[in-house]
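# let's see this in three dimensions:
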Amino acid sequence: MHKIISRFTLWAAASLLGVSAMAQTEIHKYQPGISEAGITYFLPKTQLRVVVTAQKTHHTPGEFCDYAERYLRLKNVTQTPYDEWKIEKIEIVPYGVADKDKAFTIKLKSKTSAPLVELTPDGRLTAVNAKAKESDPTLPTTKVIKSDKKTLNGADFKTEEILSAGSTSKMAELTANEIYDIRENRALLTKGQADFMPKDGEQLRLMLANLDQQEEGLLQLFRGTDVKETHILAFDITPTQDVEKLPLFNFSKYLGVVDADDPAGTPVYVSIKDLQTLPAVTASTDNKKKEEQDLRYIIPSSVKVNIFSDEKKYLSASVLMAQFGRIEHLGGNLFNKQFSTRVYLSPTTGNITDIELNEPE
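Next comes the predicted model:
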């Protein structure tokens, strides 16, 4: 599975842009992004962490699987081990990374102290004159979650007579007889006809539960056992344009997630549609020189993301994304000595989430 994940992650990186590590914010008063001339920073682009939750069931045949139909009338009992996969859900987690093509500097007037800023380690601006209100999300990672359900061992329920049998066929026959005896005893208990009836309802419940466990353990010797585990597969895509039906990966009932070009599986696709939710552009009277002093931020656009196969839709969500949005300006004079302005920006989309302005009295 890990080999498949590795190959698929590389494919996803090549086709939709790549993988990025999670950035954690820190407060810096002085760092390379700040100089006497101004504050240099990056605007973000929005990546999507795609999280596939799949359940893997590993089947181990029972010791007496060859005799399941003969002695217990159990049909379609498999005689070879196999894995079976099922996609439980697919989710997306949007997060930001620095867009190296969108670097800007807030020009500061001479004799003006640089404001306190908060940047992520990759240089995204998250706050000015304040501590950021938002941080990067904790991103799910690829992992395997083992089931904590206790599995019965059929061998623990073999009687002395079964163990001393001279052949596998005879052991299977005696085991089947034991199962029929258990069922008969349970029926007598529930009808109140057993030789040794329980004293109260609680004792009856315990006796029936014990019989159920014995039957289940012995049945496993014929039917086999299933062990389930949950696989979390996480990878990143960075949409940059509308797409209708782009293959994300292929999914096989018996192999799980495989490469998008692997014929063993059926395709799972992603579609990206910019909903064009940006407000209309208003005419600006600012000259170009003034704009160079501005704080740049992004008005993100809402993007519709669908993940689906030909048989099923796994996800449909609207996500604000920076790269589908528009860069705007916030007046640079808000950061001179006459104002105490606190600006908060989203590390994921680059939009301004809040402005707090205190003018001197």
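# could you point out which element follows the one helix or strand Leu208 maps to?
Element membership for Leu208, per DSSP states H and E: helix 201-223. In the C-terminal direction, the helix or strand that comes right after helix 201-223 (DSSP H and E) is strand 225-237.
# could you pull out the buried residues of whichever helix or strand comes after that following strand?
Per DSSP H and E, strand 225-237 leads on to strand 243-252 as the next helix or strand towards the C-terminus. Residues Leu248, Phe249, Asn250, Phe251, Ser252 are the ones in strand 243-252 that count as buried (16 or more other CB atoms under 10 Å). Yep, even glycine has a C-beta here, placed from its N, CA and C like the rest.
# how far away is the second one from Val243?
Phe249 sits 15 Å away from Val243 when distances are taken as CB to CB, to the nearest Å.
# for the residue minimising distance to the centre of the chain, which residues are in contact?
Note on the chain: the residue nearest the mean C-alpha position is Val51, at 2.7 Å, using CA atoms, centre = their mean. Neighbouring residues of Val51 by CB atoms under 8 Å, 6 or more residues apart in numbering: Ile90, Glu91, Ile92, Val93, Pro140, Ile232, Leu233, Ala234.
# SS state for it?
Of the three states, Val51 takes strand under DSSP: H, G, I helix; E, B strand; the rest coil.
# for it, which residues count as its bridge partners?
For Val51, the beta-bridge partners are Glu91, Ala234 (DSSP bridges).
# where along the stretch 1-150 of the chain do the helices fall?
2-16, 68-72 (DSSP state H, counting those that start in this stretch).
# need the per-residue pLDDT for Ser147.
At Ser147, the model reports a pLDDT of 88.
# and for the one 3 residues further on?
In this model, Lys150 is scored at 85, pLDDT.
# phi, psi for it please.
Backbone torsions of Lys150, given as degrees, to the nearest 10, read phi -70, psi 130.
# and if you look at Asp156?
Main-chain torsions, Asp156, degrees, to the nearest 10: phi -70, psi -20.
# tell me how many other residues surround the nearest residue to it once chain neighbours are set aside.
With sequence-adjacent residues excluded and distances taken as CB to CB, 6 or more residues apart in numbering, Asp156 is closest to Gly217, at 6.3 Å. When neighbours are counted by other CB atoms under 10 Å, Gly217 registers 18.
# circling back: quick one, which of the contacts of Val51 are buried?
Ile90, Glu91, Ile92, Val93, Pro140, Leu233, Ala234.
# what's stretch 247-257 in contact with?
Outside of stretch 247-257, the residues within contact range by CB under 8 Å, 6+ apart are 1, 4-5, 8, 12, 50, 52, 54, 56, 82-87, 231, 233, 237, 258-270, 307, 309.
# show only the entries of the residues you listed found in strands.
Those of the contacts of stretch 247-257 mapping onto strands are 50, 52, 54, 56, 82-87, 231, 233, 237, 258, 266-270, 307, per DSSP state E.
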